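Participant: Sequence first, then the predicted structure, then my questions.
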Amino acid sequence: MGFSFLRGELGSFINLSGGSASPVDPSFTFLKKLPGIHNIWLRASCNGLLLFRHSTWFRELGYIVFNPATEQWAAVPSEHTLADRPIRLNHTCFVFNPAVSPYFHLVIISAQEGSLATVQSYSSETGVWRHTQIDWAQEVWRIRQWNAPPRPQIRGAVPCAAIFNGMLYLILTDKQIFEVDVEGKTKRIIRAPSSVGGRVHGCCPLFIGQSQGHLYCINEEH
């Protein structure tokens, strides 16, 4: 018994049973032996499943979802085509809740020109990608947060995210939270909750998560 985790670009394993050996090769070199796979990078994990980004000898990109317990894997096509323009920055969220559905989802938020961002979502049930756009400037105006820049950023290289009632929540800069469903259809920016006593200035959301049927946000005051 144990868990895999991301350390830089590499995977590591901690054995909670006291042994030193991992039941699965933590570098996952066997995945590189799959047909056409050249390089792999561990990107995320969720409820027992691991998400890898991979490249082929032809430099095409895609994903592999792997279950270490059953050693089963599934290939996910890339969200981009070779004709796409280079994306400056994107954030990938991996969603899997076996208590709700046997299917997994990928949600990718990519920065575009100006205040636009693209939300790309994939469902293993349908096997297809959905592409929608959001205008950060319009969302910032909608919540009347006049002092915020028109183009907020997702905080951290690995975003802090939570799944609650079928919605994905990610912390943005400037005391904001991005809410999007796993299909990318419903999306909006909401204000982060203020601290105790209604204090807004000098505090920012540090962590968001869910527990026992509630969504929690932890603020940092300074």
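Facilitator: On my side now, so go ahead. Numbers count the residues shown, from 1 in each chain.

Participant: Give me the helices and strands touching whichever helix or strand Ala162 is part of, please.
Facilitator: Ala162 belongs to strand 161-164 when assigned by DSSP states H and E. For strand 161-164, the packing partners by 3 or more CB pairs under 8 Å, 6 or more residues apart in numbering; DSSP states H and E come out as strand 167-172, strand 203-211. Where C-beta positions appear, they are placed from N, C-alpha and C, glycine not excepted.

Participant: Tell me the buried residues in the first one?
Facilitator: Translated: strand 167-172. The neighbour-count check on strand 167-172 (16 or more other CB atoms under 10 Å) flags 168-172 as buried.

Participant: Repeat that for the last one.
Facilitator: When burial is assessed from 16+ other CB under 10 Å, strand 203-211 yields the following buried residues: 203-205, 208.

Participant: Mind picking the lowest-pLDDT entry from these?
Facilitator: Within these, pLDDT reaches its minimum at Cys203, with 70.

Participant: and the gap between that residue and Thr29?
Facilitator: In this view, Cys203 and Thr29 are 45 Å apart by CB to CB, to the nearest Å.

Participant: what's the weakest-modelled helix or strand in this protein?
Facilitator: Scoring the helices and strands of the chain by mean pLDDT, DSSP states H and E places strand 2-7 at the bottom, with a mean of 52.

Participant: returning to that earlier point: what comes into contact with the strand holding Ala162?
Facilitator: Outside strand 161-164, the residues within contact range by CB atoms under 8 Å, 6 or more residues apart in numbering are 93, 95, 97, 168-171, 182, 208-210, 215.

Participant: Quick one: mean pLDDT for that strand?
Facilitator: Averaging pLDDT residue by residue across strand 161-164 gives 82.

Participant: Give the buried residues for that strand.
Facilitator: For strand 161-164, by 16+ other CB under 10 Å, it's 161-164.

Participant: Partner strands of that strand, with direction?
Facilitator: strand 167-172 (antiparallel) (DSSP bridges).

Participant: which pair in the contacts of strand 161-164 spans the largest distance?
Facilitator: Asn97 and Ile171 (20.3 Å; CB to CB).

Participant: Could you check the pLDDT of Tyr103?
Facilitator: 93.

Participant: thought it was touching Glu125?
Facilitator: Yes. The pair Tyr103 / Glu125 is scored as a contact, 4.2 Å apart, by CB atoms under 8 Å.

Participant: out of those two, which sits in the busier spot?
Facilitator: Tyr103 (15 against 11; other CB atoms under 10 Å).

Participant: And the more buried one, its phi and psi?
Facilitator: With angles defined as degrees, to the nearest 10, Tyr103 sits at phi -100, psi 150.

Participant: quick one, what contacts it?
Facilitator: Counted by CB under 8 Å, 6+ apart, Tyr103 has contacts 96, 123-125.

Participant: Could you check how many residues crowd around Ser121?
Facilitator: Quick note: Ser121 (other CB under 10 Å) scores 25 neighbours.

Participant: quick one: contacts for it?
Facilitator: 105-108, 129-130, 132, 182-184.

Participant: This completes my enquiry, with thanks.
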